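Asks: only the shape, not the letters, is given here:
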């Protein structure tokens, strides 16, 4: 009976996660509320226009960032959410784990909502400074090199290692930070989201290098995050990737230095 309850809750939660992630990806594939053809045409002209950053445009950008974060991060958070659902069923704090698990997931996504707001403001600043093209990709080699080198160096930082360790250990996280009740579920979801943000925020910043609306780049980053969190020795992969990003950034920076000398 108890095993069946866990299985039922895990299946229910798994279908919900797949549904939310699928809808998020469909939203991105449909253009995230924007007409992409004029933007692509504008990107090919010699004098691309800066978007009019009014309230409506800013809300569209914020929605795009938040939905994109949900699409990219929810699959890698699924094991943690499923373990939380099983722990809730085991604790028997409610008849079904669906409600507290939904609250846990909401707390997790709220953290990425905050990140999305900051990313929107950063995009506004970069766009106003003419450092982004209409496809939301940096046109500055110096900024591109800085992003790649910084992201590569961050992969070796103690903060990255600590956050990745929490993200890769769902059972340990639940054991260490368990709080009962709905408020407890929200706090735990928020805490896990914070660890996840600490692990991946610099990787997400690379969207300004590859293109915020570049679906191949978005999909590649999402796949990398999934592998880094779930694959055996993902921590080692993170270090190798960090070295690669660092060298990639130096390869962009070196011609700038050579020309300046």
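Replies: Sure, I can see it. Worth saying up front: this structure is predicted, and the values here are computed from it rather than measured.
Asks: use CA for all of it now, contacts and neighbours both
Replies: Will do.
Asks: count of neighbours near the closest residue to residue 140 other than its chain neighbours?
Replies: Nearest residue to residue 140, sequence neighbours excluded (CA to CA, 6 or more residues apart in numbering): residue 131, at 6.0 Å. Residue 131 is flanked by 18 other residues according to other CA atoms under 10 Å.
Asks: okay, residue 131: pLDDT?
Replies: For residue 131, the model assigns a pLDDT of 91.
Asks: by mean pLDDT, which helix or strand of this protein comes out lowest?
Replies: Least confident helix or strand of the chain, by mean pLDDT, DSSP states H and E, is helix 36-44 with a mean of 59.
Asks: tell me the first helix or strand C-terminal of that helix.
Replies: helix 55-91 (DSSP states H and E).
Asks: can you pull the buried residues of stretch 163-181?
Replies: Buried residues in stretch 163-181, counted by 16 or more other CA atoms under 10 Å: 163-168, 170, 173-174, 178.
Asks: so which of these are in strands?
Replies: Using DSSP state E, no member of the buried residues of stretch 163-181 falls in strands.
Asks: among those, which pair sits farthest apart?
Replies: The largest separation in the buried residues of stretch 163-181, counting by CA to CA, is between 164 and 178 at 18.7 Å.
Asks: output the contacting helices and strands for the helix or strand containing residue 122.
Replies: Per DSSP H and E: residue 122 is located in helix 98-128. Where contact means 3 or more CA pairs under 8 Å, 6 or more residues apart in numbering; DSSP states H and E, helix 98-128 is packed against helix 2-29, helix 55-91, helix 181-205.
Asks: make a markdown table out of those helices and add mean pLDDT and distance to residue 249.
Replies: Listed next are those as a markdown table, based on pLDDT from 0 to 100; distance: least, CA to CA, whole Å:
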| stretch | mean pLDDT | distance to residue 249 |
| --- | --- | --- |
| helix 2-29 | 80 | 28 |
| helix 55-91 | 91 | 24 |
| helix 181-205 | 95 | 14 |
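Asks: how about the contacts made by residue 167?
Replies: 77, 80, 173, 192, 195-196, 229 (CA atoms under 8 Å, 6 or more residues apart in numbering).
Asks: separation between it and residue 148?
Replies: 23 Å (CA to CA, to the nearest Å).
Asks: much appreciated, bye for now.
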